[in-house]
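Only the shape, not the letters, is given here:
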């Protein structure tokens with residue numbers, strides 16, 4: 001049964017092409033309409049359609065149909081180039097309809113001096129836990145400092161959420177690139193600094209929106225993770 005379905009899908013080179021172009025058309029259309037609940041399913045289907053087209057390419061080569069196989073690959077390449085050009089020209093519409101809420105405290109990220117923290121920031125003496133976000137290399141890229149009192153050894157990392165829609169922002173990139181090893185056995189407030197930037201991909205340069213940044217802690221001696229701090233910032237996404 002599985003073999004029959006596979007042959008039906010891939011024996012005709014144009015079937016995977018039609019599926020790929022159909023999904024690509026839906027993705028492009030939704031980039032203009034900006035229907036939020038369709039974004040993640042369409043992103044998933046887009047990845048599936050790319051895999052399907054690559055399988056079709058390999059299958060056509062296996063069958064000795066080299067021209068048809070390379071047509072599959074050419075369509076994938078051209079569609080990718082066109083999508084990139086459309087995104088660069090038209091921009092990302094993800095944040096177009098977002099409003100920055102009023103009535104809550106929202107801070108701006110601090111600009112870095114030539115990609116380094118200013119002396120005034122390094123000399124800050126905090127009396128309680130705090131989080132400072134920095135604009136890094138390009139808009140949409142960030143670094144941070146976190147101040148905390150006594151805490152066992154472990155690792156902290158950030159999570160970010162757009163406030164009005166509670167949408168998780170670039171979760172894999174933010175978690176991976178915001179990790180810091182920490183330990184503070186004293187009562188004094190100690191600063192811990194990120195060593196590399198993380199990227200928020202949602203949105204575009206100059207399209208600001210409000211995001212809640214949460215600091216999560218994973219102790220060295222336990223698998224149990226917990227949120228230990230949160231703060232709101234006005235941010236923008238990286239242009240991609």
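Yep, that arrived. Since this is a predicted model, take the numbers as computed values, not measurements.

And the strands in this protein?
Assigned by DSSP state E, the chain shows strands spanning 110-111, 130-135, 141-148, 151-162, 167-168, 180-184, 190-193, 198-199, 209-219, 226-235.

Who are the packing partners of the lengthiest helix in the chain?
The residue-count maximum for a helix in the chain (DSSP state H) belongs to helix 36-62. Contacts defined by 3 or more Cβ pairs under 8 Å, 6 or more residues apart in numbering; DSSP states H and E place helix 36-62 against helix 2-10, helix 14-33, helix 66-90. From N, CA and C alone the C-beta is placed, and that goes for glycine too.

Mind listing what's buried along that helix?
Using 16 or more other Cβ atoms under 10 Å as the test for burial, helix 36-62 gives 39, 42, 45, 49-50, 52-53, 56-57, 59-60.

Next, the angle from that helix to helix 14-33.
160 degrees (axes from the mean of the first three to the mean of the last three Cα atoms, to 10 degrees).

What's the mean pLDDT across helix 36-62?
Averaged across helix 36-62, pLDDT comes to 88.

Now for residue 180: which residues touch it?
Neighbour list for residue 180: 146, 155-157, 192-195 [criterion: Cβ atoms under 8 Å, 6 or more residues apart in numbering].

Equivalent analysis for residue 4, please.
Contacts of residue 4 by Cβ under 8 Å, 6+ apart: none found.

Look up how far residue 11 lies from it.
10 Å (Cβ to Cβ, to the nearest Å).
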